[in-house]
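Trainee: got a structure for you, letters missing:
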């Protein structure tokens, strides 16, 4: 742990100004405990530095359990991991079962880690584009980008407005539709696929806040669209939405997602060299395309704070309450074996309940410390 702290300290000291820390962890196993300790030390050493946490999981980690003990252990691990990690960050983005595997534009096999990791990496790269954009004047846009944010501003946009919820969902369109595809652009929800597990998009949320990123978009002729073209198209698409978010920050860059040589062959044959969508059909028997066939792809990515994330939080809160806090249960014994005492378990349960409070303001949250 001390060695990791020293490595981070070196980079922080080399910075003129640290805008924040992006942290990626696989929280499906024991390493989440190490990550929680590391985040705690970051919170102590860099008090005013915002932390953006991506919790990334192998799709196969959501498989069925072999027996009851394994099912209880997995549920409690998810609850404890979520409680500990969320406590020491400012914004949390769970990334799990990639629904992009069902996209007609991709040929993804969940059992291949190289496939799912490529999608996760592309999504994180895209959604963090605003953090790398050139800063321009408050009333002007660069010819190549618009809507830059730093990590603190991103945290403020998503967690300090609306319901003040810090757990956000990640959605991606890979590749993004061109500006000529009015049908898809007019319904942004249709082109975006959620990479956050256990979400519910059935109910529209008028209190939602979001950060929308478009980079490398193509126009009707297959050329790179200008920043103003993209902004006009997205704004007109927003006007057509039945329920608009309470606030939406739009970031645009002309630079697409590059497809380097190691990138796996996950694109369908209906994708062109520049990531243009040649057809919505995926003919049977055609081989997937990779970096030898495709140079880059346009991307549409979104971080959103909305009631869609409620099932994700509720399941973990309920698991801890039902399995870990009742006396004499197998779950309570498992938590004791992990070294958690009664008070610590109660504190974790209270923290998870407070994460639900923005969605249920009528709930009464009390504790011994109140």
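Mentor: Perfect, I can see it now. Nothing here was measured: the structure is a model prediction, and the numbers come from that model. Residues are numbered from 1 along each chain as shown.
Trainee: If you count neighbours, what's buried in the helix ranked longest in the chain?
Mentor: Ranked by residue count and defined by DSSP state H, the top helix of the chain is helix 68-87. Residues of helix 68-87 classed as buried: 72-87 (neighbour count, 16 or more other Cβ atoms under 10 Å). Quick note: C-beta positions are derived from backbone N, CA and C, even for glycine.
Trainee: same check, this time on stretch 50-68
Mentor: Buried residues in stretch 50-68 (16+ other Cβ under 10 Å): 50, 51, 52, 53, 54, 55, 56, 57, 58, 59.
Trainee: now do stretch 264-279
Mentor: Those buried within stretch 264-279 under the rule 16+ other Cβ under 10 Å are 264-272, 274-277.
Trainee: Next: stretch 2-9.
Mentor: Those would be residue 8, for stretch 2-9 by 16+ other Cβ under 10 Å.
Trainee: Give me the contacts around it.
Mentor: 21, 38, 41, 42, 45 (Cβ atoms under 8 Å, 6 or more residues apart in numbering).
Trainee: of all those, which comes closest to residue 259?
Mentor: Lowest distance from residue 259 to those (Cβ to Cβ) belongs to residue 21, with 27.8 Å.
Trainee: Tell me the spacing between the closest one and residue 347.
Mentor: Note on residue 21: its distance to residue 347, by Cβ to Cβ, to the nearest Å, is 24 Å.
Trainee: ranges for the helices of this structure?
Mentor: 2-14, 31-45, 68-87, 113-127, 151-159, 182-186, 188-191, 227-239, 310-319, 330-337, 342-356.
Trainee: any chance of the ones you listed in TSV, plus mean pLDDT?
Mentor: TSV is the format used below for these (pLDDT from 0 to 100):
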stretch	mean pLDDT
helix 2-14	90
helix 31-45	93
helix 68-87	94
helix 113-127	93
helix 151-159	94
helix 182-186	58
helix 188-191	77
helix 227-239	86
helix 310-319	96
helix 330-337	94
helix 342-356	95
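Trainee: Mind checking those for the one nearest to residue 169?
Mentor: Across these, closest to residue 169 is helix 310-319 (Cβ to Cβ), at 8.2 Å.
Trainee: re earlier: tell me the one of the contacts of stretch 2-9 nearest residue 316?
Mentor: residue 38 (20.9 Å).
Trainee: Could I get the contacting residues of the closest one?
Mentor: 1, 4, 5.
Trainee: Turn the residues you listed into JSON lines, including distance to residue 310.
Mentor: Output for those, formatted as JSON lines (distance: Cβ to Cβ, whole Å):
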{"residue": "1", "distance to residue 310": "34"}
{"residue": "4", "distance to residue 310": "34"}
{"residue": "5", "distance to residue 310": "35"}
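Trainee: State the distance from the residue in the chain sticking out farthest from the centre to residue 69.
Mentor: Centroid-distance maximum for the chain: residue 328 at 37.1 Å, with Cα atoms, centre = their mean. Computed as Cβ to Cβ, the residue 328 to residue 69 distance reads 15 Å.
Trainee: go on, residue 87?
Mentor: 27 Å.
Trainee: What of residue 51?
Mentor: Taking Cβ to Cβ, one finds residue 51 at 34 Å from residue 69.
Trainee: likewise residue 316?
Mentor: For residue 316, the distance to residue 69 - Cβ to Cβ - is 19 Å.
Trainee: if we can go back for a sec, pick the one among the contacts of residue 38 closest to residue 195.
Mentor: residue 4 (27.0 Å).
Trainee: just to revisit the earlier point, for the longest helix of the chain, name the packing helices and strands.
Mentor: helix 31-45, strand 51-56, helix 310-319, helix 330-337, helix 342-356 (3 or more Cβ pairs under 8 Å, 6 or more residues apart in numbering; DSSP states H and E).
Trainee: for these, which one ends up most surrounded?
Mentor: Of all these, strand 51-56 has the most neighbours on average by mean count of other Cβ atoms under 10 Å, namely a mean of 22.
Trainee: what separates residue 77 from residue 262, distance-wise?
Mentor: Taking Cβ to Cβ, one finds residue 77 at 32 Å from residue 262.
Trainee: likewise residue 71?
Mentor: 37 Å.
Trainee: Ok, residue 116 next?
Mentor: 15 Å.
Trainee: who has more neighbours, these two?
Mentor: residue 116 (27 against 9; other Cβ atoms under 10 Å).
Trainee: contacting residues around the more buried one?
Mentor: Counting by Cβ under 8 Å, 6+ apart, residue 116 has contacts 58, 59, 98, 108, 110.
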